[in-house]
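Chemist: Below is the structure, and that's it, no one-letter string:
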């Protein structure tokens, strides 16, 4: 799996997790969803993605988006 797909998988999983937490634990977890969305927007505008750095440090093979 490439870095690009790993970041997309992680973002999707965290979004679904935040929805489950908001639904079953506390409505305040909606802020986790907001954080994820804001991070995705920031990453698309600046090209800076902390998750990509983390996966890169773990040795995930680079794709074409996060070079």
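Modeler: Thanks, I have the structure now. What you see is a predicted model, and the numbers here were worked out from it, not measured in a lab.
Chemist: for the longest helix belonging to the chain, what is the average pLDDT?
Modeler: Secondary structure of the chain per DSSP state H: the longest helix is helix 3-24. Summarised as a single mean, pLDDT over helix 3-24 is 95.
Chemist: Over to stretch 50-59?
Modeler: Per-residue scores along stretch 50-59 average to 92.
Chemist: can you tell me which residues contact the residue positioned nearest the centre of the chain?
Modeler: For the chain, the residue nearest the mean C-alpha position is residue 11 (3.0 Å; Cα atoms, centre = their mean). Residue 11 makes contact with 36, 40, 51 under the criterion Cβ atoms under 8 Å, 6 or more residues apart in numbering. For every residue, glycine as well, the C-beta is placed using N, CA and C.
Chemist: quick revisit: just checking, what packs against the helix or strand following the longest helix of the chain?
Modeler: Counting by DSSP states H and E, the next helix or strand C-terminal to helix 3-24 is helix 30-46. The helices and strands touching helix 30-46, judged by 3 or more Cβ pairs under 8 Å, 6 or more residues apart in numbering; DSSP states H and E, are helix 3-24.
Chemist: Right, I'll leave it there.
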